[in-house]
Every structure is written in C-alpha cells, then in structure tokens.
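Peer 1: Predicted structure and sequence below. I'll ask about it afterward.
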Amino acid sequence: MSHGKLREEKDCLNCEHIVEEKYCPNCGQHNIHTKQPFHFLITHFIEDFTHYDGQFWGTMKNLFFKPGKLTSTYLEGKRQQFVPPVKLYIFVSFITFFLFAVFPPFDINFEGKGKTKLFSQKDKISEIQKAINDTKTKEKLTKEDSMYIAKLNSALTDSSKINQIERTLDLDQKLQDNEVTISDNNFVNRPISNKLAELQKKGYKKSEILTGFIETTIHNLPKALFIYLPIFAFILWLFHNKKRWWYFDHGIFTLHYFSFLLLSLLFSLLLYKITEYSSIPAINKFLYLGIACIFIYDVIYFFIAHKRVYQTQKRVSLIIGFITLWINYFAFLFLVIGLAFISFLMIH
C-alpha cells in the first residue's frame, strides 16, 4: 500500500527545507504530490493509524490482554511505542458510533414473530375496514353483528374513537391496561407524563415505549462515555496522592480504560446481533455466555489496570478500586438515564 507518489523536487512544500529522502528533516512532512486519487484518503488514513510497524497491533494487543500496560508505558515517557491515547480513543469512538448506527441493538419499527408492531393511525383504519368487510361476508348477520358494524363505521368517521375501538378488534390490549401512570407533582415527572400521554395518543403501547426507552439508553452509551471521561478522571484524582499523581495521569488512565470499554461494548453488540440470525440454541447460549464474560472482564480489567498503574499494595488497590468503581457506577448510571430521558422527551 503506497503513501503516494513522491515529488521529484526536493523542497518541502510546508517549510521549504531541503528534503534529502522521503520526509522533511525539519518538519517531518512527507514529500509527495499534492494531487492524489480518491482512494488515497482511505489508504492514507489506514496507514497513518496502523503504521504497519506494529504500533497499532501492539497497542490493541496490550489494550486487551495487558491491563494498565499502555498507561504505565506512556507515563514513563515511552510514547512512540504505542498509539497515543487521545488518537486511540477518537479512533475507537468513531468505529463504535459507526457500527452502532449500522447495527442498532433494537429495531421496534418492524413486524414479525416475537417482534413489536407499531400501529399508525392509517394502519388502524385499514384494520377497522378489514373487520367490517369480514363481518359483512357472513351468510346471516345477527343483531350483534349489525351493532358491531355500526360501531366500526362510527369509528371511521371519528378518528378520536379509533383508540377506543382497538379493544373491540383486539389489535392491542386495553389502553387502560397499557397506560403508564406517573404523578406530575414535580418538574421532572410532569414532562415525562405529558410525553407518555402524547405517545399513547399516537397509538404507542406501554411495551413499545419501554422498548424505545431501552433502545435510546443503549444508543447513548458511547456518548455518555465521552461526556463522563473528565468526571471519571476527577474521581480517580480525589482518591490518590495529589503530589505523585496529577490529573493528567488519571486522564491517560481513563482514556485507555474507556477505549477498552468501548471496544468490549462493540464486541458485545456484535455477538448479540449474531444471536438474532442464529436459530441454533446451543450457539446462542455460547454467545450469551461470551457477552456475560465480557462484562465480567470489564470489571476485573479495571482492578488489574489500577494495580499495575498506581503500584499500590494489593489490599489498598482493591479498596480504592471498589470505592471509585461504585461511585463511578452510580454517577455514570445517573448520566445515562439523564441522557435517555432527554432523548425520550425529544421524540416526535
């Protein structure tokens, strides 16, 4: 894979220094032509990140199997051996966001066995008309049939009656059974109850609203991790020696740990998506076991990385690790739920 065609001229286009070989000895710019084919954008990005000298693959190997090694090496001043932490996190975030968009964890806008069907107003009108036609095909109409048809015809002329007629058609369960009752006696519950009422008027059931909320929450995980980066580092800073460990050091630890978390989240998503296409129970059980193992490793990883980076006694490291991990767990959970509610309230 080529970095691009070299220029015959030996003057650097960036600083005008003399270029003896491929790179400018003054500024480091590659002495290639400014005009390149479109595929150069892709190849250049891949080459620059992986370097093909083992830097990228060495980073991935240590990130997964040697918790804390990347952070320790970086803080020791050996910063050319692996991909820089900020660059690593940006790349991992991009891949995670992209694949989450391509392979969403849930899809509630479809029909099928075991799936949720969202009925629009138009769908319900079609179902009512079908019920009328099916009733009229009977050889002999009873008094109840005539009343039933009259009721359906009345619903067709009054859209406000469509939700009420659903229980007659068994399209959905009774709306009264599906309504979510939330007290609106404060500024938090009031907008939520208003949004729930709005969605139910549009024909959404309780189960559909809950599924949508869960979907939104999972989609917000990568965003929440990015927002939570400085908070996680700050909590680490609170529980460690301020003279020995600066906030910068905790930031590097956080970037590496969150890069690992994003990749583990991505692998869990891919395993979950495979279960949707697999009809073999044994394979699905194995995949679910793999997802569970990933989440367990996420927790164990933190303690191993913490012990390796901060070089504290095992007991002290465990105590500090448990405290910081629990504080971060509840704080992060609060952030994720908060983002999910904000996204929920913005649904149209």
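Peer 2: Structure's in. What do you need?
Peer 1: what's the average pLDDT for stretch 93-105?
Peer 2: What stretch 93-105 shows for mean pLDDT is 80.
Peer 1: My error: substitute stretch 224-241 in the last question.
Peer 2: If you average the pLDDT over stretch 224-241, you get 92.
Peer 1: Can you give me the neighbour number for Leu255?
Peer 2: 24 (other C-beta atoms under 10 Å). No exception for glycine: its C-beta is placed from N, CA and C like everyone else's.
Peer 1: Just the buried residues of the helix or strand encompassing it, please?
Peer 2: Take DSSP states H and E as the rule and Leu255 turns out to sit in helix 247-277. The neighbour-count criterion (16 or more other C-beta atoms under 10 Å) identifies 249-266, 268-269, 271-273, 275 as the buried residues of helix 247-277.
Peer 1: next SSE after it?
Peer 2: With elements assigned by DSSP H and E, the helix or strand that comes after helix 247-277 is helix 281-310.
Peer 1: Return the distance of Phe334 relative to His256.
Peer 2: Distance, Phe334 to His256, using C-beta to C-beta, to the nearest Å: 24 Å.
Peer 1: relative to helix 281-310, how tilted is the helix holding Leu255?
Peer 2: With axes from the mean of the first three to the mean of the last three C-alpha atoms, to 10 degrees applied, the angle from helix 247-277 to helix 281-310 works out at 180 degrees.
Peer 1: any idea of the mean pLDDT for helix 247-277?
Peer 2: The predicted model assigns helix 247-277 a mean pLDDT of 91.
Peer 1: Could you do stretch 288-305 as well?
Peer 2: For stretch 288-305, the mean confidence score works out to 94.
Peer 1: let's have the chain start at 560 instead
Peer 2: Done: numbering now begins at 560, and the last item shifts to stretch 847-864.
Peer 1: Name the residues of it that are buried.
Peer 2: By neighbour count, with 16+ other C-beta under 10 Å as the criterion, the buried positions of stretch 847-864 are 850, 853, 860-864.
Peer 1: Tell me, how many residues neighbour Phe791?
Peer 2: When neighbours are counted by other C-beta under 10 Å, Phe791 registers 22.
Peer 1: Can you tell me the closest non-neighbouring residue to it?
Peer 2: Counting by C-beta to C-beta, 6 or more residues apart in numbering, Thr813 is the residue found nearest to Phe791 once chain neighbours are left out, at 4.9 Å.
Peer 1: In contact with the one you found, which residues?
Peer 2: When contacts are counted by C-beta atoms under 8 Å, 6 or more residues apart in numbering, Thr813 is found next to 788, 791-792, 795.
Peer 1: Looking at these, spot the one nearest Lys844.
Peer 2: When the contacts of Thr813 are compared for distance to Lys844 (C-beta to C-beta), Phe791 comes out closest, at 33.6 Å.
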